[in-house]
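1. What would the 3D arrangement of this be:
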Amino acid sequence: MKMGESMRMGVKPTREKKGLSREAVAESRQAHGANVLSRGATRSFLRHFLGNLGDPVIRILLCALAVNLLFVFRGGDWMETVGIAVSVFLATLISTLSERGSEKAFQRLSEEYDRSVFRVWRDGVLQEIPIEELVVGDVVLVSAGEQIPADGFVIRGRVGVDQTAMTGENREIEKWAGADQNKNPNSRCAVFRGCTVLSGEAEIELFAVGDQSFLGQISREVQIETRDSPLKLRLSKLAKQISRLGYCAAILVALAYLVNTLVIDSGFHWDLIQMKLRDLPYLLEHGLHAFMLGLTVIVVAVPEGYAY
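-> Next up, the predicted model:
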C-alpha cells in the first residue's frame, strides 16, 4: 500500500509504514470513532424472569392454574393447583438462570478480549496499545495465535487466518500484501476483526474500527433484526404442522372424555344425560378435567415456542 492509498482512507500517516502521530490519532478517532463495539442494554433478572413467563406453554399452564384456583375455593384439589404453580415457577426459573448464565459467560469473554493489547506503530515506535484505543490508519503487527483487532489490509508479510466467524469456511485462508483493496472476506489482502491468525506474521493497516468493522455491522444487525436461516424456517413449518396435530389430538381427547362421562357412563339414557347437563357443578368439574387432559396433550405434543 502506497502513501496515496493511505490518504484515500482519510488518514495521513506522518511516516510511511511507521504509524500515526499523536495528532493524527486524535483526528482519526474524531473522524471514524473508537474501536469499541456497541452492546445492547442488559435486562435485570426480574425482567428476564417475567419475560420468560410469556412462553406459550407457560401461558397455557398459567391459564390452567387460574382455573384450578377458582375450584380450590369450592373444595377442589389444592394439591394439583400447588403442583402446577411449582412447575411453572421452576420451569421459568431454570430457563432464566440458564439464559443468564450464558449471557454472563459471553460478557466475561467480551470483557477479557476488550482488555487485550496489540503491537502498534506510533510515531515511528512499536508500542503496546489497548484494543479500544486503536484507530483507522494504525499499523498493527499480528502473528500466530493473536486475533485481528479491527478490519485492515495486509501491507507487509503473510498470514493464514481463520475466517469461520465471517464466512463459515472451516479452513486456513492465506492473506498477503497486494493490490486487492476490496473490503470483504474474499479479498486476499483484507483481514477482519474477530478472525484468528493461525500462522505467519504481518503488518496490517486498519481501515475500519468498532461498529464500522465487518463484525460490528453484523453485531448491530443481529441486535436490531434476527433473520432466520432456511433450515430454521423449514423446522418452523414442521413445528407448526406438529402443533396443529397436537391441538386436534387435544380436542379429540377432551371430547372423548366428555362423551364417555355424559353419554356412555349414563348408559345412553336420555333422561340421565339431561340431568347431568343441568347439574352445573358437575359440568364444571368434568369440564375442567377434560380441559386438563387436553392441556396435557398440548404440553407434551406441541413443540416449545409454537403453542400459538
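
2. Check the secondary structure at F153 for me.
-> Put simply, F153 is strand when judged by DSSP: H, G, I helix; E, B strand; the rest coil.

3. Find the residue closest to it in space, skipping its chain neighbours.
-> Residue nearest to F153 in three dimensions, not counting chain neighbours: C189, with 4.9 Å by CB to CB, 6 or more residues apart in numbering. C-beta coordinates here come from the backbone N, C-alpha and C atoms, glycine included.

4. Now do the contacts for that neighbour.
-> F153, V154, K175, W176, A177, G178, A179, D180, Q181, N182 (CB atoms under 8 Å, 6 or more residues apart in numbering).

5. now these in TSV, with pLDDT, neighbour count and distance to G287?
-> Listed next are the contacts of C189 as TSV, based on pLDDT from 0 to 100; neighbours: other CB atoms under 10 Å; distance: CB to CB, whole Å:
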residue	pLDDT	neighbour count	distance to G287
F153	95	25	72
V154	95	25	73
K175	94	27	69
W176	93	15	75
A177	91	18	77
G178	87	13	76
A179	85	8	78
D180	83	14	72
Q181	84	14	72
N182	88	11	68
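
6. where does the residue nearest to F153 fall, phi/psi-wise?
-> phi -110, psi -20 (degrees, to the nearest 10).

7. can you pull the pLDDT of it?
-> Note for C189: predicted pLDDT of 93.

8. related to what we said a few turns ago, which of the contacts of C189 lies closest to M166?
-> K175 (12.2 Å; CB to CB).

9. Output the contacting helices and strands for the helix or strand where the closest one lies.
-> Element membership for K175, per DSSP states H and E: strand 172-176. When contacts are defined as 3 or more CB pairs under 8 Å, 6 or more residues apart in numbering; DSSP states H and E, strand 172-176 packs onto strand 151-162, strand 196-208.

10. from the middle of its chain, how far away would the last one be?
-> The chain centroid and the centroid of strand 196-208 are separated by 28 Å, computed with CA atoms, centre = their mean, to the nearest Å.

11. now it: mean pLDDT?
-> 94.

12. list the buried ones in it?
-> Buried residues in strand 196-208, counted by 16 or more other CB atoms under 10 Å: T196, V197, G200, A202, E203, I204, E205, L206, F207, A208.

13. ditto for the first one
-> In terms of neighbour count (16+ other CB under 10 Å), strand 151-162 has its buried residues at D151, G152, F153, V154, I155, G157, V159, G160, V161, D162.

14. closest to R43 among the residues you listed?
-> D151 (30.6 Å).

15. mind checking pLDDT for the closest one?
-> 94.

16. beta partners of it?
-> Taking DSSP bridges as the rule, D151 bridges to A208.

17. Please name the residues that touch it.
-> Counting by CB under 8 Å, 6+ apart, D151 has contacts K183, A190, V191, F192, R193, L206, F207, A208, V209, S213, F214.

18. tell me what whichever helix in the chain runs longest is packed against?
-> Counting residues, the longest helix in the chain under DSSP state H turns out to be helix 78-114. Under the contact criterion of 3+ CB pairs under 8 Å, 6+ apart, helix 78-114 touches helix 45-52, helix 56-72.

19. how about 10 Å then?
-> Using 3 or more CB pairs under 10 Å, 6 or more residues apart in numbering; DSSP states H and E as the contact test, the elements touching helix 78-114 are helix 45-52, helix 56-72, helix 280-301.

20. Give the buried residues for the host helix or strand of R29.
-> Using DSSP H and E, R29 maps to helix 22-32. Residues of helix 22-32 classed as buried: A24, V25, E27, S28, R29, H32 (neighbour count, 16+ other CB under 10 Å).

21. same question, stretch 102-116
-> Per 16+ other CB under 10 Å, stretch 102-116 contains no buried residues.

22. could I have that stretch exported to CSV, CA atoms only?
-> This file holds the C-alpha atoms of stretch 102-116, laid out as CSV (Å, rounded to 0.1, in the frame of the first residue of the first chain):
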residue,chain,number,x,y,z
SER,A,102,-24.9,-17.9,29.0
GLU,A,103,-25.1,-14.1,28.8
LYS,A,104,-22.7,-13.6,31.7
ALA,A,105,-20.2,-16.1,30.2
PHE,A,106,-20.3,-14.3,26.8
GLN,A,107,-19.9,-11.0,28.7
ARG,A,108,-16.8,-12.2,30.5
LEU,A,109,-15.3,-13.4,27.3
SER,A,110,-16.0,-10.0,25.7
GLU,A,111,-14.5,-8.1,28.6
GLU,A,112,-11.4,-10.3,28.5
TYR,A,113,-11.0,-9.6,24.8
ASP,A,114,-11.5,-5.8,25.4
ARG,A,115,-8.5,-5.9,27.7
SER,A,116,-6.2,-7.2,25.0
